[in-house]
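In: Dropping the sequence and predicted coords here.
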Amino acid sequence: MTILVTRPEPAATELVSRLRNLGKLAWSFPLIEFTPGRDLQHLPHQLAALQPGDLVFLLSQQVVTFAQPALQHHTTAWPEALNYYAIGRSTALALHTVSNLKVDYPHARETSEELVRLNRLQQVNGKRALILRGSPGRELLAETLIERGAEVQYCECYQRCEKHYNGAIEGRRWRDRGITTLVVTSGEMLQQLFSLFPPIDRREWLLHCRLVVVSERLATQAAELGWQDIDVADGADNDALLRALR
């Protein structure tokens, strides 16, 4: 098994390092990178406008990476009287580390589908909810909260920017290195990976690789694109991906 990790840095290099320490052949090939979001300057005001008991949602670790310095720049802290929710354990831990606040999160998969199933989110009528995310983002969480009677606002804390590669050159590189397993952690990156390589590389190599993804939704998307050997990790963090790759 020779593994290509397409998730962004620094998570990609960390996972590759851990895989190599286990004696596996692995390389990093990040498909996107992150830059500051357009709404960061408004975040302190948006948090301050919330009332005790209102809801704040963090949809990735990158939210904390970009939001924390923005709050520090304005000498502002995360308000203690709000209820915080994260998409998964790693994101919850990232916020807790910088704020010491309690953060609730789904203990199954790191998806919006699991997040909206939390018991405490079934009764949110009259609450205000601030969703901290990247751009673009899925709308399932906001739509569900609105259906349950909450008033929803967004804050774009970071942007995902596609990294550009020469598909023909990269196809030769990774075929020559004998890549047989691909790690993909978002639908955006899955489509980007599929579209990057020339059709001959897709037919002869890419679609024959084992694909490790982080949700059933991604697995369905991958099957529609033509992959057949698809495994779903039990989470989106590197620990879960490592378990799937062992």
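Out: The structure has been received and is ready for your questions.

In: contacts and neighbour counts: CA atoms only from here.
Out: Will do.

In: quick one: low-confidence parts of this structure?
Out: Counting by pLDDT under 70, the chain shows low-confidence ranges at 136.

In: which residues in it form helices?
Out: For the chain, applying DSSP state H gives helices covering 11-21, 43-48, 61-73, 89-99, 112-115, 140-147, 167-176, 187-196, 199-204, 216-225, 238-245.

In: In CSV: these, plus distance to residue 1 and mean neighbour count.
Out: Shown next, in CSV, are those (distance: least, C-alpha to C-alpha, whole Å; neighbours: other C-alpha atoms under 10 Å):
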stretch, distance to residue 1, mean neighbour count
helix 11-21, 11, 16
helix 43-48, 44, 16
helix 61-73, 29, 19
helix 89-99, 27, 19
helix 112-115, 31, 18
helix 140-147, 36, 16
helix 167-176, 13, 14
helix 187-196, 19, 17
helix 199-204, 17, 14
helix 216-225, 20, 16
helix 238-245, 9, 16
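
In: residue closest to the middle of this protein?
Out: residue 60 (5.4 Å; C-alpha atoms, centre = their mean).

In: which residues touch it?
Out: 86-88, 91, 133 (C-alpha atoms under 8 Å, 6 or more residues apart in numbering).

In: can you list the helices of the chain in CSV and add distance to residue 155?
Out: Shown next, in CSV, are the helices of the chain (distance: least, C-alpha to C-alpha, whole Å):
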stretch, distance to residue 155
helix 11-21, 23
helix 43-48, 7
helix 61-73, 10
helix 89-99, 16
helix 112-115, 17
helix 140-147, 12
helix 167-176, 34
helix 187-196, 20
helix 199-204, 37
helix 216-225, 25
helix 238-245, 26
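
In: List the buried residues for stretch 98-105?
Out: Residues 101, 103-105 are the ones in stretch 98-105 that count as buried (16 or more other C-alpha atoms under 10 Å).

In: for the helices of the chain, which one sits closest to residue 159?
Out: helix 61-73 (9.5 Å; C-alpha to C-alpha).

In: Now do the strand ranked longest in the chain against helix 187-196, angle only.
Out: Longest strand of the chain, by residue count under DSSP state E: strand 151-162. If you take axes from the mean of the first three to the mean of the last three C-alpha atoms, to 10 degrees, strand 151-162 sits at 30 degrees to helix 187-196.

In: Can you give me the buried ones in strand 151-162?
Out: 151-152, 154-160.

In: can you check stretch 72-90 too?
Out: Going by neighbour count (16+ other C-alpha under 10 Å), the buried part of stretch 72-90 is 76, 78-79, 82-90.

In: Other residues contacting that stretch?
Out: 44, 47-48, 50-61, 71, 92, 99, 101-107, 109-112, 115, 237.

In: Repeat that for stretch 109-120.
Out: By C-alpha under 8 Å, 6+ apart, stretch 109-120 touches 86-89, 105-106, 108, 122, 140-141, 144, 215, 234-236.

In: Please identify which of these is nearest to residue 20.
Out: Each of the contacts of stretch 109-120 was scored against residue 20 by C-alpha to C-alpha, and residue 236 proved nearest at 19.5 Å.

In: Quick one: residues contacting the closest residue to that closest one other than its chain neighbours.
Out: In space, residue 236 comes closest to residue 214 once its chain neighbours are excluded; the distance is 5.3 Å by C-alpha to C-alpha, 6 or more residues apart in numbering. Applying C-alpha under 8 Å, 6+ apart to residue 214 gives the contacts 184-186, 232-236.
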